[in-house]
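> I need the structure of the sequence given here:
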Amino acid sequence: MRLSRRQLYLGAEFALLFGGGAALYNARFRGTSPIPVLIALGAGVTRQLRRSATFDRRAFWRAGALRPEAGSMALLAGASAAALTGAVAAVRPADLFELPRRHPGLWAAVMVLYPVLSVYPQELVFRAFVFDRYAPVFGDGTAMIAASAAAFGIVHIAFGSWISVLLSGAGGVLFALRYRRTGSLFAATVEHSIYGVLVFTVGLGRYFYHGAAEATLAAAAPAAARTTAAPSGDGAAAGSALSARRSWSTSAIRSWWRRIRSSSPAASWSAAPLPAGW
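Residues are numbered from 1 along each chain as shown. Predicted coordinates:
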């Protein structure tokens, strides 16, 4: 099938916006909070969608679409919660429920702010905008689901881990399918929020924190120096690894907490203290 000039243009735009944009952000802004960028992009695509003759504005919310989906959404989320909890318990037992266990106040703040400041803007960009803008290229079937999921996955390379990309790509398929079935950003946002809350709760938050790569490198350097100076052996190696993980947790959570406070529109957050001991 021969592509029209408009399809070629939109295909190039899609690759540049999501592939090139992810590469640029990863190269120049990695380690900074994506929240301001997400809010700006969300505002921009909202303006674009409101001007689009093919976009149904009811899709911005359409809360009634959630109820028929709630059962299947709950079953899938429950199975995913069990699988992810088991995986973390088996591979990284020290990380299991680390955030709610050690810092319940910070965990509660993430649960409240994350859906509003992060999830809904992402759904605006990767579901509503992609589905409307690039329909001439990908249609509304499997190719569109794949394109939405690929764009959503690849931008997560900024977190410095292919685990982030793969998990986000899988989630992107699920959220795109939900959005296509319901035509509701509200339903897609609720499902996305459930999985985001799950990730931060069970102990996988290190793969979805904007400063994780830098914090890990910073923690690894002194740990490596201590390993060199200390006697070799399994005990020394285990101690260094545990110390590195704790250093990552401290620096990552402190930085993330400051970022989320500064990004929040609520004035009271700017005066909120860090959790005790952090």
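
> Low-confidence bits of the stretch 101-250 of the chain, can you list those?
The stretch 101-250 of the chain contains residues with pLDDT under 70 at 210-250.

> In it, what residue spans correspond to helices?
Along the stretch 101-250 of the chain, counting by DSSP state H, counting those that start in this stretch, helices occupy 104-114, 120-123, 130-133, 135-138, 142-154, 162-182, 185-202, 212-229, 234-263.

> How far away from the center of its chain is the second one?
Pointing back at helix 120-123 there. Here the centre of helix 120-123 is set off from its chain's centre by 10 Å, with Cα atoms, centre = their mean, to the nearest Å.

> again with the first one
Helix 104-114 sits 15 Å away from the centroid of its parent chain (Cα atoms, centre = their mean).

> Render the CA-only coordinates of it in PDB, please.
As requested, the backbone C-alpha atoms of helix 104-114 are provided in PDB (Å, rounded to 0.1, in the frame of the first residue of the first chain):
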ATOM      1  CA  PRO A 104       4.200   5.800  55.100                       C
ATOM      2  CA  GLY A 105       3.700   9.500  54.900                       C
ATOM      3  CA  LEU A 106       5.800   9.800  51.700                       C
ATOM      4  CA  TRP A 107       4.100   6.800  50.300                       C
ATOM      5  CA  ALA A 108       0.700   8.400  50.900                       C
ATOM      6  CA  ALA A 109       1.800  11.600  49.200                       C
ATOM      7  CA  VAL A 110       2.900   9.700  46.100                       C
ATOM      8  CA  MET A 111      -0.500   7.900  46.100                       C
ATOM      9  CA  VAL A 112      -2.300  11.200  46.100                       C
ATOM     10  CA  LEU A 113      -0.200  13.300  43.700                       C
ATOM     11  CA  TYR A 114       0.900  10.700  41.200                       C
END
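
> Which positions within it qualify as buried?
Neighbour counts over helix 104-114 (16 or more other Cβ atoms under 10 Å) mark 106-107, 109-111, 113-114 as buried. Heads up, the C-betas are built off the backbone N, CA and C, glycines and all.

> Point out the other helices and strands that it packs with.
Judged by 3 or more Cβ pairs under 8 Å, 6 or more residues apart in numbering; DSSP states H and E, helix 104-114 is in contact with helix 98-102, helix 185-202, helix 234-263.

> Could you list the buried residues of stretch 48-59?
Neighbour counts over stretch 48-59 (16+ other Cβ under 10 Å) mark 49, 55, 59 as buried.

> In contact with the residue positioned nearest the centre of the chain, which residues?
Per Cα atoms, centre = their mean, the C-alpha nearest to the average position across the chain is that of residue 208, at 5.6 Å. Contact analysis of residue 208 by Cβ atoms under 8 Å, 6 or more residues apart in numbering lists 156, 159, 164, 196, 199-200.

> and if you look at residue 62?
Residue 62 makes contact with 182-187, according to Cβ under 8 Å, 6+ apart.

> Now it: phi and psi?
With angles defined as degrees, to the nearest 10, residue 62 sits at phi 50, psi 60.

> Repeat that for residue 4.
Per-residue torsions, residue 4: phi -80, psi 170 (degrees, to the nearest 10).

> what's near enough to touch it?
residue 136.

> Kindly recompute the last result at 10 Å.
Residue 4 sits next to 10, 136-137 when contact means Cβ atoms under 10 Å, 6 or more residues apart in numbering.

> And for residue 134?
Listed by Cβ under 10 Å, 6+ apart, the contact set of residue 134 reads 7, 10-11, 13-14, 17-18, 143-144, 147-148, 151.

> ditto for residue 154
Residue 154 sits next to 18-19, 21-23, 26, 165, 168-169, 172 when contact means Cβ under 10 Å, 6+ apart.

> Tell me how far residue 125 lies from residue 98.
For residue 125, the distance to residue 98 equals 30 Å [Cβ to Cβ, to the nearest Å].

> Can you tell me, leaving aside adjacent residues, what's nearest to residue 121?
In space, and not counting its chain neighbours, residue 121 is closest to residue 42: 3.3 Å by Cβ to Cβ, 6 or more residues apart in numbering.
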